[in-house]
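>>> Sharing a sequence plus its predicted fold:
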Amino acid sequence: MKSDVLIIGAGGAGLVAALKAKESGAKVLVITKEYPTRSQTCMAQGGINAALGNAGEDSVEAHVKNTLKSAHGLANEEAVRLMCTEAPNAVEWLDSIGVCFSRTKDAKIAQRTLGGASAPRACYAQDYTGLKILHTLYDRCLSQGIEILSERYLVELLKDEEDCIGGAAVLNIQSGEIEKFESKAVILATGGYSRIYDKNSTNSTASTGDGIAVAVRAGAKMIDMEFVQFHPTALKNSSVLISESARGEGGYLLNSKGERFTDELLPRDEVSRAINTEILKGEEIFLDIRHLGEEFIDEGLPQERKLAKLYENVDPVHDLIPIRPVAHYTMGGIEVDDTSATDVNGLFAAGECANHRVHGGNRLGGNSLLEIVVFGKQAGAAAAEYALSKESVERSIESNFKLKLETHQHELDFYEMREYIGNLFYKNVGIVRKKSELQTALDEIKDIKSKLHLMGVNDKSKIYNTNLVEFLEFQNMLDICDEVVSSALKRDVSCGAHFMAE
Amino acid sequence: MTITVKREDSFVAYEVVTREATLLEVLQEIKTMQDNTLTFSSGCRSSVCGSCSMRVNDTEVLACSYKVQDGDRVEPLNNVPVIRDLVVDMSKSYAFNAKAKAWQNTSSKGVGVTQEDEKTNEVQSDCILCGSCYSACPVYAVNEEFLGPFALTRVWKYVSDVREKDEKEKIDTIQTNGIWDCTLCNECTVVCPQNISSKSDIEKLRSKSAMAGYSDPNFANSFGGGFGFDGSPSF
């Protein structure tokens, strides 16, 4: 199948990119390893930042300032300025296509304060902000006749003789066949890599960094991969996220003695470290939103109440919620320029898989939903322009990827390895890091990589082989792990989410 | 405890340690520790992605929000092709969204949406497209062209929105194999993990349609030589 622009990933960034590329006149095709609407975007709860000033005085300048401060010097001010300036337009556009935002009494989009923000800046839809944005984008794509193919797993980016992108090879999960999608440009919108922490992550099981690993194999660069954001409040046993809006709305953090121990509205890296320090002292940590009252909780945080009841058997209206910080968002990603282009001709990236250098060392809550709209649009426009100016290639490009279903050994169980690495990384490449522990983690990753030939799949079926998909994801995660810990070792000085103990 | 899972044509029993856990956690444990070939879909673990819908003891659930119990019998959704084990092909039910034109026709900037306006379709916009409603729908079971619960809820979501200035096309689209085919049995409401009632959304769409000049074709037929409720000819 041929297109001008092939978009890989159907989360917020992918769908916005598709809409923009289509609007720019390109023939677009979207593929996703899941179904559209099932991506990580649907899990974003807190909101999308824009200095609208609907709930209190605010300005684009304040948004820029807060974002740069939280980024600890690692952000690109120009990119941040673009994102914050575009934010009101982005939210207005989402509103114009039907996103059901919560409203203020005077019929404006409601806004609330998230950590690190100097004003109530996050536009929200109860605690279903990502879900409602994603589904509306999906509906918009349908209205524009954009074709989306589900359950296609990216295995390789294809390049022509001039070293330009020529499409992608994907595994059709349903049939087990390798399919080739030729295109003049490819936009990666494949999400982050928080699942390298396995169960110590709020993320969907799909956040395995596939796009980044595949892009690097095709010649793209990764930057700032050591920056992993640990969200302060995930449910203790299941790592399911309790939104920052719970604290934004006035929730407290308490230790076992019932004492508050930090300012709950500091940026996430600082709150997570404060919690970590308490946990190391032997304290259990709780989120307390009881004083907000049942009516308020049901109106603004309905999902949180449901999840706390389900996973921890506590009702936040009456009980404390046991929490701990876990991996939530990965600031690192594929290096892109100010048009979302990577180092590979014809390859673009947007969303969590890309690094537009707007989050730097620590992302602010409410900036990721914003990023996917602003940079999804940028990538869509740039990829379309690139593709439309390029002459179509007549000859066919071959894929070198071969599925080795039968020949894989399974002397070592990769599921065990996956869990082992997740726990190792949480401990050694986590909230607070030490050089010696990072080195141990790197040695272990190298060792596990060297034993990869002893691992494989037990399931030999071609049809819907999730054992195989998970093994391919595991291999991508090994590459990512290597880079995360290697770059962490190179950065001696603490910066944002990368915090080195003395 | 033991749970049984429908695989191809038979049920397979799995023994797992008794504990408080979601069905999804138990399925993941079986897959990674007992049987790598067990096949199911999952994603967010927090009931918002709609991937892990399936049936337990004949009722639609999300595996990530169902607490597993000894003796549970787990099957794939109904009324949809099974690809393998608990994985079904959702493409057809997804396609009804496009068929029903479930989107906002007009791009509307600067429309003042009040708190009251927002409440009219707040719940409908919580839909996660898990497909439980199609699995439980007796009309879809016999008429595979029926637009079905989530697509019609989505149409109501947009039709009821003050930002939609051009609802006619959507109302026209849902007259055939749409709102009048529903028997208002309410099964979709009962199984919806997001507390959406497609049945009542369909009723609201019927009122809107009536205002637009449409009427119930079943009702019209019963006077024009069609068949009565008991199937006997009614002249």
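It's in.
>>> contacts and neighbour counts: CA atoms only from here.
OK.
>>> quick one: pLDDT of residue A:404?
For residue A:404, the model assigns a pLDDT of 71.
>>> Helix or strand: which one has it?
Counting by DSSP states H and E, no helix or strand carries residue A:404.
>>> Please report how far it lies from residue A:118.
Distance, residue A:404 to residue A:118, using Cα to Cα, to the nearest Å: 54 Å.
>>> Check residue A:148 too.
Relative to residue A:118, and taking Cα to Cα, residue A:148 is found at 39 Å.
>>> The two: who's more crowded?
Ranked by neighbour count (other Cα atoms under 10 Å in any protein chain shown), residue A:148 and residue A:118 place residue A:148 first, with 21 against 16.
>>> what secondary structure does residue 25 sit in?
Using chain A here. Assigned by DSSP: H, G, I helix; E, B strand; the rest coil, the conformation of residue A:25 is coil.
>>> so which helix or strand takes in the most centrally placed residue in chain B?
In chain B, the centroid-proximal residue (Cα atoms, centre = their mean) is residue B:133; its distance is 2.6 Å. Counting by DSSP H and E, the element that carries residue B:133 is helix B:132-136.
>>> Relative to the whole chain's centre, how far out is that helix?
Put simply, helix B:132-136 sits 5 Å off its chain's centre (Cα atoms, centre = their mean, to the nearest Å).
>>> And that helix, what does it pack against?
Counting contacts by 3 or more Cα pairs under 8 Å, 6 or more residues apart in numbering or on different chains; DSSP states H and E, helix B:132-136 is packed against strand B:59-62, helix B:149-159, helix B:187-191.
>>> what about chain A, any weak spots by pLDDT?
Applying pLDDT under 70 to chain A flags the ranges A:393-396, A:405-409.
>>> try chain B
In chain B, residues with pLDDT under 70: B:220-235.
>>> ok, longest helix in it?
helix B:198-211 (DSSP state H).
>>> Tell me the buried residues in it?
Neighbour-count burial for helix B:198-211, counted by 16 or more other Cα atoms under 10 Å in any protein chain shown, picks out B:198-199, B:201-206, B:208-209.
>>> any chance of those in JSON lines, with distance to residue A:313 too?
Shown next, in JSON lines, are these (distance: Cα to Cα, whole Å):
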{"residue": "B:198", "distance to residue A:313": "30"}
{"residue": "B:199", "distance to residue A:313": "32"}
{"residue": "B:201", "distance to residue A:313": "33"}
{"residue": "B:202", "distance to residue A:313": "35"}
{"residue": "B:203", "distance to residue A:313": "37"}
{"residue": "B:204", "distance to residue A:313": "37"}
{"residue": "B:205", "distance to residue A:313": "39"}
{"residue": "B:206", "distance to residue A:313": "41"}
{"residue": "B:208", "distance to residue A:313": "43"}
{"residue": "B:209", "distance to residue A:313": "45"}
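>>> what about residue A:483, which SS state?
Residue A:483 ends up helix, using three-state DSSP.
>>> burial measure for residue A:129, as a count.
Using other Cα under 10 Å, residue A:129 has 27 other residues around it.
>>> What residues does the closest residue to it other than its chain neighbours make contact with?
Spatial nearest neighbour of residue A:129, chain neighbours left out: residue A:45 (5.2 Å); criterion: Cα to Cα, 6 or more residues apart in numbering or on different chains. Residue A:45 sits next to A:124, A:126-131, A:243, A:245 when contact means Cα atoms under 8 Å, 6 or more residues apart in numbering or on different chains.
>>> repeat that for 10 Å
Residue A:45 makes contacts with A:124-132, A:241-245, A:301, A:303-304, A:365-366, A:369, as judged by Cα atoms under 10 Å, 6 or more residues apart in numbering or on different chains.
>>> try residue A:64
Contacts for residue A:64 (Cα under 10 Å, 6+ apart) come out as A:51, A:77-85, A:358.
>>> what's the answer for residue B:141, then?
Counting by Cα under 10 Å, 6+ apart, residue B:141 has contacts B:78-80, B:134-135.
>>> hmm, 6 Å instead?
Counting by Cα atoms under 6 Å, 6 or more residues apart in numbering or on different chains, residue B:141 makes contact with residue B:79.
>>> Tell me the residues of chain B that contact chain A?
With Cα under 6 Å from any Cα of the partner chain as the criterion, chain B meets chain A at residues B:32, B:37, B:43-44, B:49, B:98, B:103, B:107-109, B:112-115.
>>> Mark which of these are buried, thanks.
Buried, going by 16+ other Cα under 10 Å: B:32, B:37, B:43-44, B:49, B:98, B:103, B:108, B:113-115, out of the residues of chain B next to chain A.
>>> Now compare those residues and name the two farthest from each other.
Greatest spatial distance in those: B:37 and B:114, 51.1 Å, computed using Cα to Cα.
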